[in-house]
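>>> have a look; sequence and predicted model below, questions after that.
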Amino acid sequence: MSEENTAPRGPGRPVVAGQELLNGLYEAVLLLNVDGQITEANRRAEQFLQAELPDLLGKPISQFVAGLDIALLEQVLNNLADGRFTVLNAFCLRRDHTHFPAEVAISRVTLTGGEGRLVLAVRNIEQRKRTEAALRTFQQAVENAAEAVALTDAKGAIEYVNPAFRALWQLGPEDEAVGRMLPEFWEADEESAAALWQALGAGDSWTGALQLRTPAGRVRHAQATAAINRNEQGEATGLIFSFSDVTALRQALDTIKREANAVIARARQASDFSGPLNIVSIPDLLQLIDGTGKSGWLRILDAADAPVGEIGFREGRIAAARHGDTTGEEAVLNLVREGGVQFAFEQQPAADIPDTGLSLNTVGILLEAARLQDEATAEASQGEERI
């Protein structure tokens, strides 16, 4: 139990008219004598404590309000003697031995006969405590989130940022974010900026890429999401933004793109070429060989450089293929779908490629592979819906 606050009362003290007055009060009310024994209670108190009036009368209040013993009552009486009331946070005990958090306001009144009583007004604050706990949990989650989070008013003025936001922008202790306009922290082209604010203005969310610049001038890249921040009644109270740092991913993709361009440039000029399939995909290779009109064997390898399958080309057209026990068009489709780790192309004269009667157009085979993939995806989705 903790004493929350005390405040002076006015000079006049109310006189309790009777049981009808007590029962008309919304809060649970208990009357005590100076010894801390219950002398009266209203129906709300019976409901709160799950006890009928005869089970309450004459009992010490400490049986129903944990910690409210004689020592604490004496302290409360001293406060009340100075014309003050006291508010305590306590746990109230029900007859079934359960308990609930409560706010207990204690004051002193004088009955018609001049006899003094302590009045306890008890308010059940279980819902308030749950709400406060939920808010603390949410705040801790946002504070500890890996993503940068910013809350703004409807115009974009920052009201809160979490530690990840400060880390993403590399803000020092002297760099204040609250109060500034959030768009100051990114560099967006006119089209992206217009789409962002247009979506928010329509009550929708927005997701897109933004370029950021730190106070030191360092450029970073983020995937951003923006949405309307609403209260429990659904009313807009501001905006909420989250930012995921994709700088490393962007750099990795740029590296892959450069390496892929290098492989493609080398493939156009060289007779033989090879590389990893995470840089250049099998569909890219089929189109490349088709476009250059090369003849030879494209071999697909696993992580141990063991062959997974191969495709033979005659002047850019697929003339032969093998994948496991399959050959021909089926083998090509399997290789496109399942892939491998490495590839190696060995140029050979067209006459050295066996004539299997196969002559596939690259575009056609890729369209067929895409159709089969769409069918497989649709079947998988239907299976999940049935489950």
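Ah, there it is. Residues are numbered from 1 along each chain as shown.

>>> let me see the ranges of the helices in this structure.
With helices called from DSSP state H, the chain shows them at 19-23, 43-49, 53-56, 70-81, 126-144, 163-168, 190-201, 247-269, 282-292, 328-338, 362-386.

>>> who does the third one touch, helix- and strand-wise?
Secondary structure elements in contact with helix 53-56, counted by 3 or more C-beta pairs under 8 Å, 6 or more residues apart in numbering; DSSP states H and E, are strand 38-41, helix 43-49. Placement of C-beta: from N, CA and C, glycine included.

>>> one more pass at 6 Å, please.
Using 3 or more C-beta pairs under 6 Å, 6 or more residues apart in numbering; DSSP states H and E, the elements in contact with helix 53-56 are strand 38-41.

>>> parallel or antiparallel, list what pairs with the strand it packs on.
Sheet pairing for strand 38-41, assigned by DSSP bridges, gives strand 28-32 (antiparallel).

>>> so what touches the strand it pairs with?
For strand 28-32, the surrounding residues in contact (C-beta atoms under 6 Å, 6 or more residues apart in numbering) are 22, 38-42, 44-45, 48, 61, 117-122.

>>> same thing with stretch 242-251?
By C-beta under 6 Å, 6+ apart, the residues outside stretch 242-251 that reach it are 147-149, 168, 220-225.

>>> between the helices of the chain, which one is closest to Gly179.
Counting by C-beta to C-beta, Gly179 lies closest to helix 163-168 out of the helices of the chain; the figure is 14.2 Å.

>>> what is the mean pLDDT for the closest one?
The average pLDDT within helix 163-168 is 91.

>>> quick one: distance of it to the chain centre.
16 Å (C-alpha atoms, centre = their mean, to the nearest Å).

>>> stretch 334-343 now?
The chain centre lies 36 Å from the centre of stretch 334-343; the measure is C-alpha atoms, centre = their mean.

>>> again with stretch 312-327
Distance of stretch 312-327 from its chain centroid, counting by C-alpha atoms, centre = their mean, is 49 Å.

>>> what about it, how long is it end to end?
Start and end residues of stretch 312-327 are separated by 11 Å (C-alpha to C-alpha, to the nearest Å).

>>> can you mark which positions in that stretch are buried?
Applying a neighbour-count criterion of 16 or more other C-beta atoms under 10 Å, one finds 312-314, 316-323 buried in stretch 312-327.

>>> likewise stretch 361-380?
Going by neighbour count (16+ other C-beta under 10 Å), the buried part of stretch 361-380 is 362, 365-366, 369.

>>> now stretch 298-305
For stretch 298-305, the neighbour count (16+ other C-beta under 10 Å) marks 298-301 as buried.

>>> name the residues that touch it?
Contact with stretch 298-305 is made by 307-311, 335, 340-345, as judged by C-beta under 6 Å, 6+ apart.

>>> could you redo the last one with a cut-off of 8 Å?
Contacting residues not belonging to stretch 298-305 are listed as 277, 282, 285-286, 289, 307-313, 335, 339-346 [C-beta atoms under 8 Å, 6 or more residues apart in numbering].
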